[in-house]
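S.K.: just a sequence and a predicted model for now, questions to come.
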Amino acid sequence: MKIVHDYPGSSINVIEIKNQKIVLELKKEKNHARQYFNFQLVDVKKKCNIIITNASKTQFAKGYENYLPFYKTNGNWERFDEKNVIYDGEALNLTISKNDHIEISLVPRYTMEDLLKFTNSLDKNKFFMSTTKTLTEIKTNNDAKPICVFIARQHPGETLSSFFLEGVIRQLEQEVELKYQYIFYPIVNTRGVENGCHRYYEGIDYNRSWTKELPEEIVVIMEKLREKNIKYFFDIHCDEVTKFDYIRTNSKKIKEKLNGTPALAFENKFVEHIKSMIKTRRKTQACTTKDHIEKNLKCKYILFELSMHKSDNILAFKSGKKTAENLNEI
């Protein structure tokens, strides 16, 4: 039996492989173990037990309660059966059967390679793609209209948000006429994605770093959006703990039109600040994406959260398509 974990989007430390028992450890990022994990096993001769020892040391350890990770053996991602997953408050235990090759992941893996494959398949008459060293931009070829911007993967481990944007784009590809011009950044934190990070890259939470000390990818996005007629800004994330998808917006029209997804208003800034301090056990950084967008672009900001418990790559894709069907109504 061999374990593989040295490819883009993989993440784990190997502690011990002995008989049919594999002991693993989540890599660290900032002050916590990272939530995300991905690795592959080759030539599993018989049933074996995988123990991820430090699962309780993550920032969102509660998310492991009753959570079913994913595996892939035949090209399709599936969730573990609940009888093969135990989180005891300390370690996460997974049981797998005999297999020639199996990939195991917190959520379905999605890397720059997947994004390149997707962009190569798009209708070049409807979409324009540009790629820098750190960022891929996709936009519709209908300039001079108000703009809707979509970003995903500020937090690298939230892979479902990239599948969601694939769904949005595929639906728009089928539309005859678009009310808006659309600009997409399906993977913002590209280096974090390649390194299998979950929330941070080199200690930086991109969602709370829209300040003077900017990550390179955020600089590129800000420069491209400056002086543009932005109408709506959609920031797609995944929630590790919540059992349902939801959006946060203060726009009544968006609440009525988008997707049938539960819509929650943003809390006042003081309450947001206190909750963030409690949740992350640290002071919030100076400027979130929402703060910057509302102040500088003066447009409607919409936060979309996909539940890691409820959604998978297929459901996220379908949710994106459903959302795109309603965009001309807002």
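M.R.: Looks like it arrived, so ask away. Numbers count the residues shown, from 1 in each chain.

S.K.: next secondary structure after the lengthiest strand in the chain?
M.R.: When the chain is parsed with DSSP state E, its longest strand is strand 230-239. Following strand 230-239 in sequence order, the next helix or strand is strand 246-248 (DSSP states H and E).

S.K.: each with direction, which strands does that next one pair with?
M.R.: Strand 246-248 has the following strand partners under DSSP bridges: strand 263-264 (parallel), strand 300-307 (antiparallel).

S.K.: may I see the buried residues of that strand?
M.R.: Neighbour-count burial for strand 246-248, with 16 or more other Cβ atoms under 10 Å as criterion, is recorded at 247-248. Heads up, the C-betas are built off the backbone N, CA and C, glycines and all.

S.K.: chain center to that strand: distance?
M.R.: The chain centroid and the centroid of strand 246-248 are separated by 15 Å, computed with Cα atoms, centre = their mean, to the nearest Å.

S.K.: could you do stretch 100-115 as well?
M.R.: 13 Å.

S.K.: dump that stretch to PDB, keeping only the CA atoms.
M.R.: Backbone C-alpha positions of stretch 100-115 (Å, rounded to 0.1, in the frame of the first residue of the first chain) are rendered in PDB as follows:
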ATOM      1  CA  ASP A 100      -6.400  -0.400  -6.500                       C
ATOM      2  CA  HIS A 101      -6.600   3.400  -6.300                       C
ATOM      3  CA  ILE A 102      -8.700   5.800  -4.200                       C
ATOM      4  CA  GLU A 103      -8.500   9.600  -3.700                       C
ATOM      5  CA  ILE A 104      -9.900  10.900  -0.400                       C
ATOM      6  CA  SER A 105     -10.700  14.500   0.200                       C
ATOM      7  CA  LEU A 106     -12.600  16.800   2.600                       C
ATOM      8  CA  VAL A 107     -14.400  18.200  -0.400                       C
ATOM      9  CA  PRO A 108     -13.900  17.400  -4.100                       C
ATOM     10  CA  ARG A 109     -10.500  18.700  -5.300                       C
ATOM     11  CA  TYR A 110     -10.500  21.500  -7.800                       C
ATOM     12  CA  THR A 111      -7.200  23.100  -9.000                       C
ATOM     13  CA  MET A 112      -5.800  25.400 -11.700                       C
ATOM     14  CA  GLU A 113      -5.600  22.300 -13.900                       C
ATOM     15  CA  ASP A 114      -9.400  21.800 -13.600                       C
ATOM     16  CA  LEU A 115     -10.000  25.500 -14.300                       C
END
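
S.K.: the chain should start at 852 in everything you say after this.
M.R.: Done: numbering now begins at 852, and the last item shifts to stretch 951-966.

S.K.: buried residues in that stretch?
M.R.: 953-963, 965-966.

S.K.: below-threshold pLDDT in this protein: ranges please.
M.R.: Along the chain, the parts satisfying pLDDT under 70 run over 1063, 1109-1137.

S.K.: same thing but 80
M.R.: Applying pLDDT under 80 to the chain picks out residues 984, 1063-1064, 1102-1137.

S.K.: so what are the domain limits for this structure?
M.R.: 853-956, 963-1180 (automatic domain parsing).

S.K.: in stretch 1010-1028, what counts as buried?
M.R.: Neighbour-count burial for stretch 1010-1028 flags 1010-1023 (criterion: 16+ other Cβ under 10 Å).

S.K.: and which of those is nearest to Thr946?
M.R.: Thr1010 (23.6 Å; Cβ to Cβ).

S.K.: in contact with the closest one, which residues?
M.R.: 958-961, 1004, 1089, 1164 (Cβ atoms under 8 Å, 6 or more residues apart in numbering).

S.K.: counting neighbours, what do you get for Lys879?
M.R.: The local packing of Lys879 (other Cβ atoms under 10 Å) involves 14 other residues.

S.K.: can you check Phe931 too?
M.R.: By other Cβ under 10 Å, the residues close to Phe931 number 16.

S.K.: wait, isn't Asn864 in contact with Val874?
M.R.: No - proximity of Asn864 to Val874 does not meet the contact threshold set by Cβ atoms under 8 Å, at 9.8 Å.

S.K.: ok, back up a step: save the contacts of Thr1010 as a markdown table, and put in distance to Ile868 too.
M.R.: Output for the contacts of Thr1010, formatted as a markdown table (distance: Cβ to Cβ, whole Å):
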| residue | distance to Ile868 |
| --- | --- |
| Val958 | 24 |
| Pro959 | 25 |
| Arg960 | 22 |
| Tyr961 | 27 |
| Arg1004 | 31 |
| Cys1089 | 30 |
| Asn1164 | 29 |
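
S.K.: will you turn the buried residues of stretch 1010-1028 into a markdown table that also has distance to Lys908 and secondary structure?
M.R.: Compiled in a markdown table, the buried residues of stretch 1010-1028 are given as follows (distance: Cβ to Cβ, whole Å; DSSP: H, G, I helix; E, B strand; the rest coil):
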| residue | distance to Lys908 | secondary structure |
| --- | --- | --- |
| Thr1010 | 21 | coil |
| Leu1011 | 23 | helix |
| Ser1012 | 24 | helix |
| Ser1013 | 26 | helix |
| Phe1014 | 28 | helix |
| Phe1015 | 29 | helix |
| Leu1016 | 31 | helix |
| Glu1017 | 32 | helix |
| Gly1018 | 34 | helix |
| Val1019 | 35 | helix |
| Ile1020 | 37 | helix |
| Arg1021 | 38 | helix |
| Gln1022 | 40 | helix |
| Leu1023 | 41 | helix |
